[in-house]
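>>> below is the structure, and that's it, no one-letter string:
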Ligand SMILES: Cc1ncc(COP(=O)(O)O)c(C=O)c1O
Ligand code: FES
């Protein structure tokens, strides 16, 4: 069901893991629905004063498609200016992976969202102006997370102490 | 392709070579229709009836009580729908939250047709409480359907007690014995209806049977030429029925020996997985089918784990949300209350006739690396109770 390129990124994930000293972090997803992605970015000015994403890394809890798109989005984003990076969509990542099963498109959306959230956090933390498209995207993501939280809150509360045969 | 280490026998099994050999003539020279009067027809009829006799003998049943079907999904549908529509006054049905969808969705459909349905919860190990069944029984209860052993977590149910209680109350008792048949002894005295599928038993896919205790009335699902005593029309699938008979013969001749072997594998798996940090056993430690062990791994997701192991030549399965068509985690794992933090990291390991101790050891050798590889980039750490 997955393309060779998806399997390659799954087998050899690029830029994976936590970043020690990131400029900003973007976090999306909820473990209750099976997928969580954190994107770390390092932003540095180049000689012309443009802000470049000089390093990206990610931590992902999710399926094969989620892992492969995290890896792919990190590759696409690395070396891009912030302006360029905010235009990366999940379709870009899916295309470069040779396509994803339709049911897995939402996993790739998470990776692009996580990168966006990192950029949003970077600008907000520095009191900078947020481009309209980015602000909109952030609002959508925040709304989605709130919906998920509501949906799973009861389940989590009901969970309480576990009596399963843990080992 | 080199043969993988196949630890997914709950999903399906390899057709045993003896079974293939038994089936082959019926796809060649012995192609007759069992309903035909001539010699070819009589030969095919004899084969079908021989298979029926084998099954009846091992179950301690009468041949008239065995109805061949196209697998257990059909057998479960026939049991529930057939009994419901044959019942005149009683209409209430009781089942459990951890049944296979072939029972659960059938019960839900019956509910939509006006039959009240009670779905019982199970405990954290997946056991149904006999008292809960007793309390759920009503004046108008017609049928209780509770599986013998669960296909995801392996937990065995107290079907003897439940079946006996139902008998005393004049309620039909059905059990989906797909995973239990040929693996553990079945208390036939307490059962009115029982479903079996050949492909979990080293037989072919698409064939099974429903045991129907004498006197139990069923409305057929398939109407036609009146085959199988009018309970299941359609020309018999002769080669597959022959295969089911041969598979049953093998399973029962080996049952105790095989169950002991598989129980040993299960114990070794539980011990081996316990050595990996952040794991838990889902299901009952001892009251379990011999061949199924289900685990959860913290901080990782099951679909990726299955594919990592697949790369290493091991075939297993998961009940994770990401692996299911509706992106919801397994209803069985939810019903036993596996915590949200680990429900997505489940792995089902199921052994079978061909499994060797070397394969179990190879699996246990590969497993920690596969888990580690995925944990290396997980935002969660072992022991985390955070959810985002
Ligand atoms: C417990 C249980 N019931 C029913 C079925 C359905 O059987 P079949 O594939 O023969 O329709 C299965 C197997 O998928 C099963 O494990
Ligand atoms: S992360 Fe759940 S389906 Fe991809």
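Here it is on my side, so go on. The structure presented is a predicted model; accordingly, all values stated were derived computationally and were not measured. Ligands and ions are numbered 1, 2, ... in the order given.
>>> from residue A:97, how far off is residue A:141?
To residue A:97, residue A:141 is 22 Å away according to C-beta to C-beta, to the nearest Å. Backbone N, C-alpha and C define where each C-beta goes, glycine included.
>>> contact residues of chain A facing ligand 2?
A:34, A:35, A:62, A:63, A:65, A:66, A:104, A:107 (C-beta under 6 Å from any ligand atom).
>>> helix, strand or coil for the spatially most central residue of chain A?
Nearest residue to the geometric centre of chain A (C-alpha atoms, centre = their mean): residue A:114, 2.7 Å. Assigned by DSSP: H, G, I helix; E, B strand; the rest coil, the conformation of residue A:114 is helix.
>>> wait, it sits on residue A:36?
No: with contacts counted by C-beta atoms under 8 Å, residue A:114 stays clear of residue A:36, the gap being 9.1 Å.
>>> what do these two both touch?
A:27, A:28, A:29 (C-beta atoms under 8 Å, 6 or more residues apart in numbering or on different chains).
>>> give the contact list for the first one.
Applying C-beta under 8 Å, 6+ apart to residue A:27 gives the contacts A:36, A:37, A:38, A:39, A:114, A:117, B:379, B:388.
>>> what pairs with the strand or helix carrying it, parallel or antiparallel?
If you go by DSSP states H and E, residue A:27 is part of strand A:24-30. The strands that strand A:24-30 pairs with in its sheet are strand A:35-45 (antiparallel) (by DSSP bridges).
>>> give me the mean pLDDT for the strand it pairs with.
What strand A:35-45 shows for mean pLDDT is 95.
>>> give the buried residues for that strand.
For strand A:35-45, a neighbour-count test (16 or more other C-beta atoms under 10 Å in any protein chain shown) marks A:35, A:36, A:37, A:38, A:39, A:40, A:41, A:42, A:43 as buried.
>>> could you report the separation of residue B:147 from residue A:75?
Distance, residue B:147 to residue A:75, using C-beta to C-beta: 47 Å.
>>> which of these two has more neighbours?
The neighbour comparison of residue B:147 against residue A:75 (other C-beta atoms under 10 Å in any protein chain shown) goes to residue B:147, with 26 against 15.
>>> pLDDT score for the residue nearest to that one when sequence neighbours are not counted?
Using C-beta to C-beta, 6 or more residues apart in numbering or on different chains and skipping the chain neighbours, the partner closest in space to residue B:147 is residue B:176 (4.2 Å). Looking at residue B:176, its pLDDT reads 98.
>>> show me what residue B:176 is bridged to.
With DSSP bridges as the criterion, residue B:176 is bridged to residue B:195.
>>> residue contacts, residue 138?
With no chain named, the answer covers chain A. Contacts of residue A:138 were listed using C-beta under 8 Å, 6+ apart, and they are A:116, A:117, A:120, A:130.
>>> my question was about chain B, not that one.
Shown in contact with residue B:138 (C-beta under 8 Å, 6+ apart): residue B:92.
>>> host element of the residue of the stretch 101-250 of chain B found nearest chain A?
Across the stretch 101-250 of chain B, the shortest distance to chain A (C-beta to the nearest C-beta) belongs to residue B:124, at 4.5 Å. In the assignment (DSSP H and E), residue B:124 maps to no helix and no strand.
>>> next one: it from residue B:337, what distance?
6 Å.
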